[in-house]
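Peer 1: Got a sequence here, can you build the structure:
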Amino acid sequence: MMSRLLPSNLVLGIAPIVLVIALWQGLVSFGFAPAVLLPPPGFVFSRLLQQLVTLTFQQEIAATLIRLFAGFAIAVVLGVSIGIAAAASPAINAVVRPIVRVLAPLPKVALYPALLLLLGFGHGSKVTLVAADALFPILLSTYYGASTVEQKLIWSAMAAGTPRYEILFKVVLPAAMPSILTGCRIGLVISCIVVFLAEMITSTDGLGHALVTAARTFQAVDMFVPLITISLLGLILNGLLGAVRSYLLRGFPEA
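Peer 2: As a prediction, this is how the structure comes out:
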């Protein structure tokens, strides 16, 4: 059954991308958008293949990935830790809940000028912004998953004499894993968006900087190359995280 579902899911996943590219080509071919401003997709993908083998563009990708992974890793560690702690302790929950209610709706990019003043124009400000934006989906998903663990699992572990801290790691954390990984996938998408935006605002390297540099010199094809690259990176990373999720949740019915 799974072998039959995989090809159909693959087709359903590729079809929207093909439609978008076809629409893009149609807009250019029928003159709805000038090729100077909206180059044909064939030119963009050809230029992307040329850029991928150059050391300069590889360094731009590496700079973006370093910031993305660093910020996302910080968000995962903090989000899972605080979410589990808040679900396990009413006192911690009482402290965390109002902070989350105030800060979660706040657009974190509004804090970027302050981060630049505090941390400078290097990696620190961008990594912090990525971590701040990706934190709350992971934290909330972890808290929800840990809070909805069946009490009979915890009672059984306590009846067996399992220490409280071991219950968190051996019972609560595994049971909350589906919700945690869902939050991580959302946080990863947000990380891709935020790191690109931060590099566009102020950076001397990275894919966002490459886009701004191309826009300033009116190089439309080179401007679309970083956009396609960050989209492909997000697609690949999301697929890898989905594979990790399937592996970790292979014993869960919903997986």
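Peer 1: So residue 89 versus residue 177, what's the distance?
Peer 2: Here the distance between residue 89 and residue 177 works out to 20 Å (CB to CB, to the nearest Å). For the C-beta atoms, the positions are set from N, CA and C on the backbone; glycine is no exception.
Peer 1: With residue 166 instead?
Peer 2: 16 Å.
Peer 1: same thing with residue 16?
Peer 2: The spacing between residue 16 and residue 177, counted by CB to CB, is 29 Å.
Peer 1: More neighbours: which of these two?
Peer 2: Using other CB atoms under 10 Å, the more surrounded residue of residue 16 and residue 177 is residue 177, with 18 against 9.
Peer 1: Could you name the specific helix or strand carrying the more buried one?
Peer 2: Assigned by DSSP states H and E, residue 177 falls within helix 173-201.
Peer 1: Quick check: buried residues in that helix?
Peer 2: When neighbours are counted by 16 or more other CB atoms under 10 Å, the buried residues of helix 173-201 are found to be 173-192, 194-201.
Peer 1: before we move on, what about stretch 67-86?
Peer 2: If you call a residue buried by 16+ other CB under 10 Å, then stretch 67-86 has these buried ones: 67-72, 74-76, 78-80, 82-86.
Peer 1: now stretch 22-37
Peer 2: Residues 24, 28 are the ones in stretch 22-37 that count as buried (16+ other CB under 10 Å).
Peer 1: quick one, helices of the stretch 101-250 of the chain?
Peer 2: For the stretch 101-250 of the chain, the helices identified by DSSP state H, counting those that start in this stretch occupy 112-119, 123-147, 151-159, 164-167, 173-201, 207-216, 220-248, in order along the chain.
Peer 1: Any idea which of those helices gets closest to residue 103?
Peer 2: Shortest separation from residue 103 across the helices of the stretch 101-250 of the chain is recorded for helix 123-147, at 7.3 Å, computed as CB to CB.
Peer 1: just checking, what packs against the closest one?
Peer 2: Helices and strands touching helix 123-147, as assessed by 3 or more CB pairs under 8 Å, 6 or more residues apart in numbering; DSSP states H and E, comprise helix 55-88, helix 90-103, helix 112-119, helix 173-201.
Peer 1: would a markdown table of the ones you listed with distance to residue 225 be doable?
Peer 2: Compiled in a markdown table, the helices and strands packed on helix 123-147 are given as follows (distance: least, CB to CB, whole Å):
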| stretch | distance to residue 225 |
| --- | --- |
| helix 55-88 | 8 |
| helix 90-103 | 35 |
| helix 112-119 | 25 |
| helix 173-201 | 13 |
